[in-house]
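Asker: the following block contains a protein sequence and its predicted model.
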Amino acid sequence: MTNIDQTLDMAANIKGAFAVALVDYESGMTLGSRGGSAEFDLDVAAPGNSDVVRSKLEVIQKLGLRESIEDILITLDTQYHLIRLISGLPGEKLFFYLVLNRAQANLAMARRDLRVIEQEFYMAHPAAGGRPGPMAQAGSEGQFFPANGQR
């Protein structure tokens, strides 16, 4: 199982998660995904959010802000769409796209969990130059966050 597969499995295990993808926002290419449905085409939604990320980065640059995007939240009637940029990977422009069911999710916990997953992904990523974190060492049967929501 690859690092991307493990990472997506962990993100899909976040309470209330409906769909998750890892996306290159420069090209719009989805590197991997979990979830979705016939009514919610993740192959359309994930790369479509590349435009959101690029637009926000352009506005930040035009404003001359010396800030970086941590995450972008889009709130719908029944869903949260959370876009989390992966920081620190030289030359790679990636983000996690997490869709949550509002009735089941705890937004604060989901943001925290996705931040931890992003940090683990960065540490385990070969291009990051970091040592493999616990995520990279877990077997396919290991879970980062318990499915029952206990933390």
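Answerer: In hand now; what should we look at?
Asker: the spatially most central residue of the chain - nearest residue in space that isn't next to it in sequence?
Answerer: Centroid-nearest residue in the chain: residue 96, 2.1 Å away (criterion: C-alpha atoms, centre = their mean). Closest residue to residue 96 apart from its sequence neighbours, by C-beta to C-beta, 6 or more residues apart in numbering: residue 84 at 4.5 Å. Quick note: C-beta positions are derived from backbone N, CA and C, even for glycine.
Asker: now do the helices in this protein.
Answerer: Assigned by DSSP state H, the helices in the chain fall at 3-12, 42-63, 107-124, 134-137.
Asker: so for stretch 38-48, mean pLDDT?
Answerer: Average pLDDT, stretch 38-48: 90.
Asker: looking at this structure, which helix or strand is least sure?
Answerer: Lowest on mean pLDDT, DSSP states H and E among the helices and strands of the chain sits helix 134-137, with a mean of 35.
Asker: so where's this structure shaky on pLDDT?
Answerer: Scanning the chain with the threshold set as pLDDT under 70 gives 1-2, 88-90, 125-151.
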